[in-house]
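>>> Build me a structure from this.
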Amino acid sequence: MSKEHGQGPDLSRIEHEAVGWVQKVASGEATPEELQAALAWRVQSPLHAKAYEDAERVWNRMGVVGRAQHGRDMDFVGPLKEFGQRKAALNRRMMLGGGAAVIGIAAVYGGMNPPLGLWPSLSELRADFRTGTGQQQTIRFVEAVAIDLNTQTSLAIRPATAQEDCIELLAGEASFATQGRLARSLAVFAANGKTVSDSGRFDVRYIATSDHAAVNVTCFEGQLRIEFRDDVAELRPGQRVRYDGVGLSEIGTVDLAVESEWRRGVVEFRSTPLADAVEEMNRYRPGRIILVNPALGRRLLSGRFRIDQMERVLLQLEHTFQAKLQRLPGGIVLLS
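Okay, the predicted model is just below:
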């Protein structure tokens with residue numbers, strides 16, 4: 001970064017650089033080369049990624065008024081220090097200052113296809129809870145509901161009704177567990193569907209690509225009701241249903257031990273086409289693995305891997321499939 005910022009004693013060099021990159025990106029005036037440079041800076045290490053995410057989170061939470069007070073040519077070291085000291089106390093919805101902030105952010109991000117997932121989608125900007133690449137988190141939603149968020153997952157709280165406590169899965173994968181029978185049902189919205197539970201445990205996975213989006217709902221305990229358009233499905237433990245643009249699928253059975261592996265920090269592939277495995281690996285690994293050989297993408301991969309050790313998977317691909325790895329700046333790997 002060429003832009004200089006006055007450095008306070010409580011922020012590291014990396015944190016100050018993160019501030020500069022966030023302001024550059026949010027200005028709407030960054031060139032494609034600068035956007036790629038921001039990506040390369042962000043993914044060069046976990047420290048850089050965390051600093052960028054912290055600075056970006058503060059920028060969003062300051063709202064339009066707060067950003068105007070700091071001005072385009074000034075950093076926001078004070079709010080960033082406060083964020084580091086009182087991270088748990090910040091409430092995003094209060095700090096955004098309502099719809100005006102959303103409109104301001106939309107002006108920057110709207111219509112953009114973030115390169116390699118560098119920025120959150122427009123819908124994810126309204127998340128109350130969000131995990132970054134490779135991160136997992138457990139939260140408490142109402143008194144008797146615990147939620148485990150997998151990597152790259154965003155959740156937004158919806159207003160409750162007389163019968164239901166409501167939350168929306170904007171993107172990613174989450175596991176919902178209740179303690180006993182709920183006084184009000186838990187309703188989880190994802191895409192245009194809704195999953196309702198009175199007790200038990202279930203997973204909802206919503207992954208969207210440029211040409212397809214689908215929601216998978218898996219029942220581990222209790223009983224579920226899934227509503228999509230005019231269709232309804234009821235699930236029992238060990239069952240799964242999927243809905244997408246085509247409609248609600250038939251109910252299928254799954255191996256619950258495999259389906260819950262991610263909650264133990266493990267990803268498991270069982271004769272998975274390599275193209276699909278690479279997409280899943282990209283959810284846990286900074287940067288991007290790009291498959292440039294379609295024939296290789298049809299090969300099948302099996303194995304259990306720690307989600308924080310995706311580099312070992314790449315080494316296995318190189319050994320097992322005689323694949324060639326070309327490493328580029330910013331954590332980008334060409335696989336052929």
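
>>> Please identify the buried residues of stretch 227-243?
With burial defined by 16 or more other C-beta atoms under 10 Å, the residues of stretch 227-243 counted as buried are Glu227, Phe228, Ala233, Leu235, Gln239, Arg240, Val241, Arg242, Tyr243. Heads up, the C-betas are built off the backbone N, CA and C, glycines and all.

>>> for it, how far is the first residue from the last?
10 Å (C-alpha to C-alpha, to the nearest Å).

>>> quick one: contacts of that stretch?
For stretch 227-243, contacts defined as C-beta atoms under 8 Å, 6 or more residues apart in numbering pick out 191-196, 200, 202, 214-226, 247-254, 256, 259.

>>> Low-confidence ranges, the chain, go.
1-10, 26-33, 35-36, 59-126, 210-211 (pLDDT under 70).

>>> what does the domain assignment say about it?
As assigned by automatic domain parsing, the chain contains the domains 13-125, 129-259, 265-335.

>>> Give me the secondary structure label for Met281.
The three-state label given to Met281 by DSSP: H, G, I helix; E, B strand; the rest coil is helix.

>>> Quickly find the element holding the residue nearest to Thr153 when sequence neighbours are not counted.
Take Thr153 and drop its neighbours on the chain: the residue closest to it by C-beta to C-beta, 6 or more residues apart in numbering is Gly172, 2.8 Å away. Take DSSP states H and E as the rule and Gly172 turns out to sit in strand 164-178.

>>> Pairing partners for that strand, with directions?
strand 145-149 (antiparallel), strand 154-158 (antiparallel), strand 185-190 (parallel), strand 193-208 (antiparallel) (DSSP bridges).

>>> So which bits of that strand are buried?
164-178.

>>> what two of the residues you listed are the furthest from one another?
Pairwise distances across these peak at 22.9 Å for Ala171 and Thr178 (criterion: C-beta to C-beta).

>>> Dump the buried residues of stretch 227-243 into a markdown table; add secondary structure and distance to Glu311 as well.
Shown next, in a markdown table, are the buried residues of stretch 227-243 (DSSP: H, G, I helix; E, B strand; the rest coil; distance: C-beta to C-beta, whole Å):
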| residue | secondary structure | distance to Glu311 |
| --- | --- | --- |
| Glu227 | strand | 42 |
| Phe228 | strand | 38 |
| Ala233 | strand | 39 |
| Leu235 | strand | 37 |
| Gln239 | strand | 35 |
| Arg240 | strand | 31 |
| Val241 | strand | 35 |
| Arg242 | strand | 31 |
| Tyr243 | strand | 35 |
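
>>> Just name the closest of the residues you listed to Ile307, please.
Arg240 (21.2 Å).

>>> picking that back up, of the contacts of stretch 227-243, buried ones?
191, 193-196, 200, 202, 214-220, 222-224, 226, 248-249, 256, 259.

>>> Helices - which of those land there?
Among those, DSSP state H puts Leu256, Glu259 in helices.

>>> I'd say Ser154 and Arg130 touch.
Yes: proximity of Ser154 to Arg130 meets the contact threshold set by C-beta atoms under 8 Å, at 4.5 Å.

>>> okay, now Leu301: neighbour count?
By other C-beta atoms under 10 Å, the residues close to Leu301 number 21.

>>> Checking it next. Helix, strand or coil?
Assignment for Leu301 (three-state DSSP): strand.

>>> How about it: which residues does it bridge to?
Here Leu301, judged by DSSP bridges, has bridge partners Thr272.

>>> was I right about it contacting Leu274?
Yes: Leu301 sits in contact with Leu274 when judged by C-beta under 8 Å, with a separation of 5.3 Å.

>>> Pull up the overlap in contacts between the two.
Leu317.

>>> hang on, the earlier thing: quick check, nearest of the buried residues of stretch 227-243 to Gly331?
Arg242 (31.0 Å).

>>> Could you measure from the closest one over to Asp255?
16 Å (C-beta to C-beta, to the nearest Å).

>>> what do you get for Val19?
Distance from Val19 to Asp255, by C-beta to C-beta: 46 Å.

>>> before we move on, the earlier item: as a markdown table, the strands paired with strand 164-178 with distance to Lys324 would be great.
Shown next, in a markdown table, are the strands paired with strand 164-178 (distance: least, C-beta to C-beta, whole Å):
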| stretch | distance to Lys324 |
| --- | --- |
| strand 145-149 | 35 |
| strand 154-158 | 35 |
| strand 185-190 | 38 |
| strand 193-208 | 28 |
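
>>> winner for burial among those?
strand 185-190 (a mean of 22; mean count of other C-beta atoms under 10 Å).

>>> Contacts for it, please.
With C-beta under 8 Å, 6+ apart, strand 185-190 has contacts from 142, 145, 158, 163-169, 174, 176, 178, 194-198, 204, 206, 215.

>>> again, 7 Å this time
145, 158, 163-169, 176, 178, 194-198, 204, 206, 215 (C-beta atoms under 7 Å, 6 or more residues apart in numbering).

>>> what do you get for stretch 194-213?
By C-beta under 7 Å, 6+ apart, stretch 194-213 touches 169, 171-178, 180-182, 185-188, 190-191, 214-227, 244, 259.
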